[in-house]
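1. predicted model follows, preceded by the sequence.
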Amino acid sequence: MAVRREAWPLHLRLTAGRPSWAGVARIGRRVTAEDHESATLFGLALVGYLVLALLLVYVSQAIVGDAWSRVGNAYYMLFSRDPHLAAIGFVWNPLPSLAVLPLLPFSLIWPDLVGAGLAGNIVSALFMAAATVEVAGTLRDFGVRRLVRLILVGAFALHPLVVYYGANGMSEAPFLFFLVLIVRYLARWLEHRATRSLVIAALGLAGAYLTRYEAAAAAAGAIAIVAAASAMAAPAGQRRISSLAEAVVFGLPFAAAFGLWSLASWIIVGSPFETFTSIYGNSSQVSLSTQQIQSSTGRGVVEASEYAIAQIQGLEPLLLLVIAAVVVIAAVRRDPRFVPIVVVLGSVAAFSLAAFATGRSFGWLRFYIVVIPMCVLAAGYVAARWNEPSDGRARGPAPVRAAARIPPRLLRPIAALAAIAAVSATVLALPTGWTTIRDDRLAREEAHQLRGLIQDSRYPGTAPPERAQYLVGGQVATYLDGLDLPDGSVVVDVAIGFPIVLQSRDPHQFVITTDRDFKAVVQDPVVYKAEYLLVAPPSGLGSLDAINRQYPSLYVTGVGLPVTLDREFDAPGFDGIRWRLYRLTPPS
């Protein structure tokens with residue numbers, strides 16, 4: 001029996017006669033075109049985000065503390081007085097810090113990679129540029145035409161919140177990259193059931209969890225998708241076992257990341273989830289700031305939910321309408337590829353909203369950044385599916401069944417209008433997003449951080465408090481470096497004092513929180529021959545400082561240890577931490 005050429009192995013088809021060269025050329029042109037578009041998008045996005053990163057660091061000095069401290073976590077692993085792998089810390093997920101490790105040796109020739117946290121900015125720019133490529137690839141997979149695809153990619157890459165978090169060193173950029181990767185390859189798997197796509201999506205889940213804890217919600221949604229799809233595709237008598245087997249295998253990389261990270265934390269610091277149990281963790285910080293949060297966002301579940309919904313609407317005002325259009329069109333076309341968009345990204349947004357409404361989160365605007373790719377990808381799905389015919393057999397609610405029965409001559413114009421509206425909605429989000437990130441109430445972090453870069457007539461002469469943190473830390477570091485102290489001379493808790501250590505030329509002079517003898521030195525600095533204690537004000541985050549917890553009266557009165565006040569550091573004109581440097585005076 002003859003075998004059709006289409007069934008031959010690829011290498012035989014490419015060498016079987018003259019047409020093979022045409023086939024090679026066609027494949028080359030296709031791959032080159034896709035690669036060229038991806039490379040161009042990556043390069044443009046990367047350059048744009050890096051330029052903004054340099055402006056943030058060198059013009060406004062808006063160095064975000066959370067991002068800078070992640071650079072510090074990696075730095076302590078290599079360059080501290082007690083370098084070791086566990087110095088990365090277990091309060092926050094490790095990948096953002098691990099990603100900057102390859103850049104840190106270059107700080108010897110470019111100190112600002114550490115001293116201004118610029119290594120984190122570079123990493124976020126790389127990841128956000130990669131996320132832009134994945135958004136474009138997902139839209140290409142959906143079949144979105146080139147012009148519309150580029151408009152939608154621009155609506156993602158140029159969204160003000162995406163641009164900012166592509167440049168400021170925070171973990172939002174790698175988190176978005178992994179989430180979009182998961183959506184793309186889950187959608188591919190739902191269409192073609194290729195194992196490779198499922199493997200990539202599974203690895204994306206592991207990467208997302210090693211970046212942010214909210215990935216647990218995405219993992220639950222993604223595993224549910226795989227289980228449901230496997231059950232529907234299996235024979236009637238094998239649905240349960242097929243669903244369970246596929247879901248377990250798919251969830252293994254996530255389970256490994258979750259389990260190994262928790263186990264390492266448990267073995268080394270005695271708790272599997274330091275973000276909830278550590279004095280420095282998210283739960284502790286939220287509890288400390290509850291009154292401040294509620295004064296800005298409202299009290300109770302209802303007011304908090306209204307606040308979060310206002311943030312989401314500010315970022316993507318027509319999100320719900322676009323999602324509704326996706327659901328109807330997908331049901332009419334009987335195409336499941338929309339499900340990862342809604343479930344994976346939507347679960348993260350829902351998790352963040354629920355955590356804030358129940359008082360377990362700060363409710364920052366950035367926690368809802370996932371709605372941006374969610375709206376863009378949903379709009380792309382609508383734009384790609386509008387002109388496909390319906391077989392009239394759609395299942396679901398009455399509106400879906402009714403839409404499926406609309407004659408094609410009427411359905412296609414309606415769907416075309418929906419596609420135009422969906423794409424327009426993503427473009428509309430650019431000006432509304434810009435307004436939102438400058439709103440002091442909705443963007444409690446971003447609004448004041450951007451004032452140093454953008455002159456705002458409402459706030460003349462103001463500057464972000466991060467600048468004070470940077471300037472004061474530099475003053476302390478310069479002073480201590482001038483003393484030419486031996487190793488282990490200055491005790492400081494880097495949960496707050498990282499700007500000092502990271503700007504110092506001699507990190508070995510400090511005894512820091514990640515050093516294995518830190519607790520012992522704090523308890524008896526004289527015995528361990530420390531010479532100085534750096535103490536932050538015992539209020540706000542300063543109340544978490546290990547030295548303040550050990551000696552509650554030390555900062556104000558100097559009582560608790562034989563010390564004398566050597567110097568006080570602050571930044572005139574800025575509302576920042578006023579450090580006090582006490583010199584130990586052991587008895588002779």
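-> Nice, thanks for sending it over.
2. helices and strands of the protein: which one bottoms out on pLDDT?
-> Least confident helix or strand of the chain, by mean pLDDT, DSSP states H and E, is helix 10-15 with a mean of 44.
3. strands along the protein, start to end?
-> 490-491, 510-511, 532-535, 563-569, 579-584 (DSSP state E).
4. which one of these lies nearest to Thr290?
-> Of all the strands of the chain, the one in closest proximity to Thr290, counting by CB to CB, is strand 532-535 (25.1 Å). From N, CA and C alone the C-beta is placed, and that goes for glycine too.
5. re the thing from before, could the strands of the chain be laid out in TSV, adding mean pLDDT?
-> Output for those, formatted as TSV (pLDDT from 0 to 100):
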stretch	mean pLDDT
strand 490-491	97
strand 510-511	97
strand 532-535	96
strand 563-569	93
strand 579-584	94
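6. from these, which stretch is densest packed?
-> For these, average neighbour numbers computed from mean count of other CB atoms under 10 Å are highest in strand 510-511, which has a mean of 28.
7. show me what it pairs with in its sheet, parallel or antiparallel.
-> strand 490-491 (parallel) (DSSP bridges).
8. that older thread, quick one: the strands of the chain as JSON lines, columns for distance to Leu471 too.
-> Formatted as JSON lines, the strands of the chain follow (distance: least, CB to CB, whole Å):
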{"stretch": "strand 490-491", "distance to Leu471": "19"}
{"stretch": "strand 510-511", "distance to Leu471": "19"}
{"stretch": "strand 532-535", "distance to Leu471": "16"}
{"stretch": "strand 563-569", "distance to Leu471": "9"}
{"stretch": "strand 579-584", "distance to Leu471": "12"}
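9. among those, which comes closest to Leu260?
-> strand 510-511 (29.7 Å).
10. can you tell me how far the residue most central in space within the chain is from Pro96?
-> Centroid-nearest residue in the chain, with CA atoms, centre = their mean: Glu172, separated by 1.9 Å. For Glu172, the distance to Pro96 equals 10 Å [CB to CB, to the nearest Å].
11. for Ala429, which non-adjacent residue is closest in space?
-> Glu316 (5.0 Å; CB to CB, 6 or more residues apart in numbering).
12. kindly report the same for Pro253.
-> That would be Ala206: by CB to CB, 6+ apart, it lies 4.0 Å from Pro253.
13. do the same with Glu191
-> Glu191's closest residue in space is Arg337 (CB to CB, 6+ apart), at 5.8 Å.
14. and Met232, how close does it get to Leu252?
-> In terms of CB to CB, Met232 sits 22 Å off from Leu252.
15. got it, and Ile268?
-> Taking CB to CB, one finds Ile268 at 24 Å from Leu252.
16. what's the answer for Ser289, then?
-> With CB to CB as the criterion, Ser289 and Leu252 are 37 Å apart.
17. mind listing the helices for the stretch 1-150 of the chain?
-> 10-15, 19-55, 65-79, 95-100, 112-115, 118-142, 146-157 (DSSP state H, counting those that start in this stretch).
18. which residues touch the residue lying closest to Val301 once chain neighbours are set aside?
-> Excluding the flanking residues, the one nearest Val301 by CB to CB, 6+ apart is Ala357, at 4.8 Å. By CB atoms under 8 Å, 6 or more residues apart in numbering, the contact list for Ala357 reads Val301, Ala304, Ser305, Ala308.
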